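Asks: Based on what follows, work out the 3D shape:
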Amino acid sequence: MHERTTGRDAFLRLLIDEGVTHLFGNPGTTELALMEAVPQFPQLTYVLGLQESVVLGMADGFARASHRLAAVNLHCTPGLGHAMGALYSAKFSGSPLIITAGQYEIGYGLQEPLLYEPLVPIAQPLVKWAVEVTRVQDLPRIVRRAAKIAMTPPTGPVFISLPGNILDDETELDFGSRTRVDAATRPSDAALIHLADTLLASARPVIIAGRELANRDAFDEASELATLLGAAVYHEPVPYNARFPSSHPACMGDLTRNQTKVRETLLPHDLLLCLGADLLRMSPYSTVNPLPDSLPVVHLTERDWELGKNYHTALAIRADVKETLRALLPVLRARQTAEHQSAAGQRLHALSASNWISSRLQARGEASVHATSMPIDPRVLMMCVVDALPDNAIVVEEALTAAPALARFLPMRDVQSFYGLASGGLGFAMAGAIGISLAQPGRPVVAMVGDGSAMYGIQALWTAAHLELPITYVIINNRSYRIIKERLVAGRHSNRFVGMDMRDPPIDFAGVARGFGLAARCVTDPDDIGRVMRAAIESGVPNLVEFIVDDGFGNGNA
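Replies: The predicted model follows:
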């Protein structure tokens, strides 16, 4: 059925029909045609961000927490440029986004007007597909294809350049229908038997649990697998999300991104099962290989690019992790002998002395020694903040120096309970917390953000205040880039810190937050942490709490 319509109306109708409920944007002149049409479509919530990296970060958080398609509209070349760091993060988080940017009318770019550059080549390296619409008649086919590509596992962002004349053209269009690819596949029966026998033959198995377990809601299946095998389970090194429940006796906590430590952790084992995870994605270069040479790898993931990417993989399986585990578990139970069960039980019991639960008790003891220190010890802050969290809280983390302490205290209770930094590039948490809150209404969100990280997306505070979302921003203020100082000392053996302090003048984050319309306060006394945090979360309104913490290097003039 054909219908006469404008490109702008057709584009928004297509988004809605593809399941988009939120359009995140920052309007400019090249987007005015869309902004004219938006009020005609109340099914679409327009979420305003004050800078394009914040706009894309909000959409990234929404897509990660909802597993639904979201739309992002940016302003021509500078707007896309502003958003590229956030797009880099969305690429690694695998967020299904349709990203558009307004472009000048076809042909006008030849005159090189202000704000013009070809947009597709800029976006192309970071998206699954990039295209410019050159005929309004192609708009339905392009939007349908973009949505299908973005939503097909491995999911990810796509980009469409929208010239002004395409949005203003009017013609007869066939809107078509949406397509979704069913990618919930599992291995063949023969492959499942081979996988089961490989796992049961191991005397010292270890599992790296990855983001796909949370994305596919597979905590129960992964927990049963760990119990059946008596295998130690480590969260993959990049803190995408919750990954595996901390309360399971096999959970050992986070695997670090220090190659030497990872190698030491894996050396005692005779089989590594990489379960819906990246295989040892590290950070700075090291001459040490994190994977022991003799350790065979079984890797199960929906992302075929990761299979055998850097390391030989004895058994590489491209499949949906939940469907595979649901099919595998009965095979394992049927093929597991009494001897297998006994050995698995012994392994599981042995882990109790060093698992996450035990480590958390140890961490509490270590932090308690510094309970009255001022400035506040970051370990004490993490412990007390976690103690103040309600069970249904969602934590968003971009607190690089304090992150290891947070990981030791924060339980991963459910698949939506935690979101972290996917790419290593700063700026996600301030904006991402907004998208996550929109995707999970009714749950309080606590964004734990370092002072340096906060400045990459501080404009997000306005949107949080504007939408009256139940977000508590926790700014961990050490008045410096402490993690860079630590790496300079450890890696370069130098303590001459240039460009690593924010003291002259110090940033008043509580004052900045009030300027954006949030309730805010600054805390310096560790005795106030729990009381202030509980009140902040229970208020149900957007607010910010700034904590002044020990900078690790004598605190300068603090």
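Asks: any idea how far residue 196 is from residue 273?
Replies: 12 Å (C-beta to C-beta, to the nearest Å). The way it works is simple: take the backbone N, C-alpha and C, and place the C-beta from them, glycine included.
Asks: And those two? Which one has more around it.
Replies: Counting neighbours by other C-beta atoms under 10 Å for residue 273 and for residue 196 shows that residue 273 has the greater number, 26 against 20.
Asks: Need the three-state assignment for the more buried one.
Replies: Look at residue 273: counting by DSSP: H, G, I helix; E, B strand; the rest coil, its state is strand.
Asks: Also the one 10 residues further on?
Replies: In the three-state summary, residue 283 is assigned as coil, counting by three-state DSSP.
Asks: Kindly report the same for residue 343.
Replies: Here residue 343 is recorded as helix under three-state DSSP.
Asks: cool, and residue 87?
Replies: Under the three-state scheme (three-state DSSP), residue 87 adopts helix.
Asks: Show the contacting residues for it.
Replies: With contacts defined as C-beta atoms under 8 Å, 6 or more residues apart in numbering, residue 87 is in contact with 56, 99, 123, 126, 127, 157.
Asks: go on, residue 318?
Replies: Neighbour list for residue 318: 301, 302, 303, 304, 307 [criterion: C-beta under 8 Å, 6+ apart].
Asks: State the next helix or strand along the chain beyond the helix or strand hosting residue 143.
Replies: Using DSSP states H and E, residue 143 falls within helix 139-151. Moving toward the C-terminus from helix 139-151, the next helix or strand (DSSP H and E) is strand 158-163.
Asks: So which elements touch whichever helix or strand comes after that following strand?
Replies: Sequence order places helix 164-168 as the next helix or strand after strand 158-163, per DSSP H and E. Counting contacts by 3 or more C-beta pairs under 8 Å, 6 or more residues apart in numbering; DSSP states H and E, helix 164-168 packs against helix 7-17, helix 32-37, strand 97-103.
Asks: Tell me what residue 70 is bridged to.
Replies: Beta-bridge partners for residue 70, by DSSP bridges, are residue 97.
Asks: so who does it touch?
Replies: Shown in contact with residue 70 (C-beta under 8 Å, 6+ apart): 20, 22, 24, 59, 62, 63, 95, 96, 97, 98, 435.
Asks: Same question for residue 522.
Replies: Residue 522 is in contact with 508, 509, 510, 545, 546, 547, 548, counting by C-beta under 8 Å, 6+ apart.
Asks: hmm, 7 Å instead?
Replies: Residue 522 makes contact with 510, 546, 548 under the criterion C-beta atoms under 7 Å, 6 or more residues apart in numbering.
Asks: what's the answer for residue 52, then?
Replies: Going by C-beta under 7 Å, 6+ apart, residue 52 touches 26, 74, 75, 79, 82, 83.
Asks: give me that answer again for 10 Å
Replies: Residue 52 sits next to 24-26, 28, 72-75, 78-87, 101, 459 when contact means C-beta atoms under 10 Å, 6 or more residues apart in numbering.
Asks: repeat for residue 358
Replies: So residue 358 contacts 249, 252, 253, 351, 352 (C-beta under 10 Å, 6+ apart).
Asks: Can I have the buried ones of the contacts of residue 52 as a PyMOL selection?
Replies: Only the buried entries of these go into this PyMOL selection, using 16 or more other C-beta atoms under 10 Å:
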select buried, resi 24+25+26+28+72+73+74+75+79+80+81+82+83+84+85+86+87+101+459
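Asks: now, which of the contacts of residue 52 lie within helices?
Replies: Taking DSSP state H, the ones among those that sit in helices are 78, 79, 80, 81, 82, 83, 84, 85, 86, 87.
Asks: Can you tell me the closest non-neighbouring residue to the fourth one?
Replies: Excluding the flanking residues, the one nearest residue 81 by C-beta to C-beta, 6 or more residues apart in numbering is residue 122, at 7.1 Å.
Asks: Neighbours of that neighbour, how many?
Replies: By the measure other C-beta under 10 Å, the count of residues near residue 122 is 18.
Asks: Send me the one helix or strand it maps to as CSV with only the CA atoms.
Replies: Using DSSP H and E, residue 122 sits in helix 120-123. Taking C-alpha atoms only, helix 120-123 is exported to CSV below (Å, rounded to 0.1, in the frame of the first residue of the first chain):
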residue,chain,number,x,y,z
VAL,A,120,29.3,8.6,6.1
PRO,A,121,33.1,8.3,6.1
ILE,A,122,33.3,9.9,9.6
ALA,A,123,30.8,7.4,11.1
